[in-house]
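Colleague: coords below, sequence missing:
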Ligand SMILES: C[S@@+](CC[C@H](N)C(=O)[O-])C[C@H]1O[C@@H](n2cnc3c(N)ncnc32)[C@H](O)[C@@H]1O
Ligand SMILES: O=S(=O)(c1ccc2c(c1)CN[C@@H](CF)C2)N1CCSCC1
């Protein structure tokens, strides 16, 4: 794509996000019936189990974990907060950073109660579900910053955001494909965030398969670059990552409720070469 076209696509995407509504987004994706902990085939326990295993199987360690494109959600770091003593959350929009700050500062006005997610991860860790308050306190202790990020910039974070060696681990969920107009831009963005990671550091990536749009609020239809597994693997290789594990979840028919056209979800654990 010639340079002008690439910039236009990214600019158009940024314009869509000016209408993103964190409260609606949380309601569409993170409350029942879509987010159901009781269903055996539910996506939310699957995602939390993928993250729990990835963070606790012994090869992931260090000081600094960065979540790229956090949005208004915290589930991404519920397992990682027990492994890293410095966790950075990041997002492009101030409205999302404000939502995260409200939870972090235990203020009124949060748009989602994360207790069921905290309790579920405590169960995965073999702790009693009532330990969720301790986990919430741990999160509030280790999340040291909530920063602006733009994955389309070669340097997605402010220069002083990370130690010179880079982060030890990155996690990113439903971000890159949701902010990229095409596969080349997705791959470029993956390369940009890869530069935030030290060599040998780990990337945990969760994303949508086969999705071409989602609603980021009432009437806020946001385009998504539809991906398949082969394209995800190709982009990882092209961006200097070695794949450790790829897992795929296929959405049950009744989970396809119109807020998006996602058909499946991938989980990737990879290591930076
Ligand atoms: C689909 S949401 C994913 C939110 C969350 N990680 C999750 O798992 O639900 C995509 C997020 O990407 C953010 N975003 C939009 N443009 C971005 C950009 N250029 N760089 C980084 N993040 C961006 C949006 O603000 C939004 O929070
Ligand atoms: O956790 S999910 O896999 C999920 C969670 C978030 C998103 C999607 C899917 C797909 N569209 C994304 C747009 F970027 C956002 N999930 C989909 C099934 S029901 C519960 C929510």
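Modeller: Structure received. Everything quoted here is computed from the prediction, not taken from an experiment. Ligands and ions are numbered 1, 2, ... in the order given.
Colleague: so what's the residue count around the nearest residue to residue 30 once chain neighbours are set aside?
Modeller: Distance criterion Cβ to Cβ, 6 or more residues apart in numbering; nearest residue to residue 30, sequence neighbours excluded, is residue 112 at 5.7 Å. In short, each C-beta sits where N, CA and C put it, glycine included. By other Cβ atoms under 10 Å, 22 other residues sit near residue 112.
Colleague: shouldn't residue 112 be in contact with residue 31?
Modeller: Yes. The criterion here is Cβ atoms under 8 Å, and residue 112 meets it with residue 31 at 7.0 Å.
Colleague: just to check, residue 132 is in contact with residue 122?
Modeller: Yes. Residue 132 is within contact range of residue 122, at 5.3 Å (criterion: Cβ under 8 Å).
Colleague: show me which residues of the stretch 101-250 of the chain sit near ligand 2.
Modeller: Selection of the stretch 101-250 of the chain residues close to ligand 2 by Cβ under 6 Å from any ligand atom yields 174, 178, 208, 211, 214, 224.
Colleague: can you select the buried ones from the residues you listed in ChimeraX?
Modeller: To isolate the buried members of these in ChimeraX, using 16 or more other Cβ atoms under 10 Å:
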select :174,178,208,211,214,224
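Colleague: mind listing which of the residues of the stretch 101-250 of the chain next to ligand 2 are in helices?
Modeller: Secondary structure from DSSP state H places residue 178 of these in helices.
Colleague: what parts of the stretch 51-200 of the chain come near ligand 1?
Modeller: Counting by Cβ under 6 Å from any ligand atom, the positions of the stretch 51-200 of the chain adjacent to ligand 1 are 69-71, 73, 91-93, 96, 149-152, 173-175, 178-179.
Colleague: could you dump the residues of the stretch 101-250 of the chain next to ligand 2 to CSV with distance to residue 20 and pLDDT?
Modeller: Compiled in CSV, those are given as follows (distance: Cβ to Cβ, whole Å; pLDDT from 0 to 100):
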residue, distance to residue 20, pLDDT
174, 13, 98
178, 10, 98
208, 16, 98
211, 16, 98
214, 10, 98
224, 13, 98
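Colleague: separation between the residue nearest to residue 45 when sequence neighbours are not counted and residue 167?
Modeller: Distance criterion Cβ to Cβ, 6+ apart; nearest residue to residue 45, sequence neighbours excluded, is residue 37 at 6.0 Å. Remark: distance between residue 37 and residue 167 (Cβ to Cβ, to the nearest Å) = 30 Å.
Colleague: those two - which one has more neighbours?
Modeller: More neighbours surround residue 167 than the other of residue 37 and residue 167, with 27 against 14 (other Cβ under 10 Å).
Colleague: need the pLDDT of that one.
Modeller: As predicted, residue 167 sits at a pLDDT of 98.
Colleague: got a list of what it touches?
Modeller: Residue 167 makes contact with 62, 64-66, 88, 196-198, 201, according to Cβ atoms under 8 Å, 6 or more residues apart in numbering.
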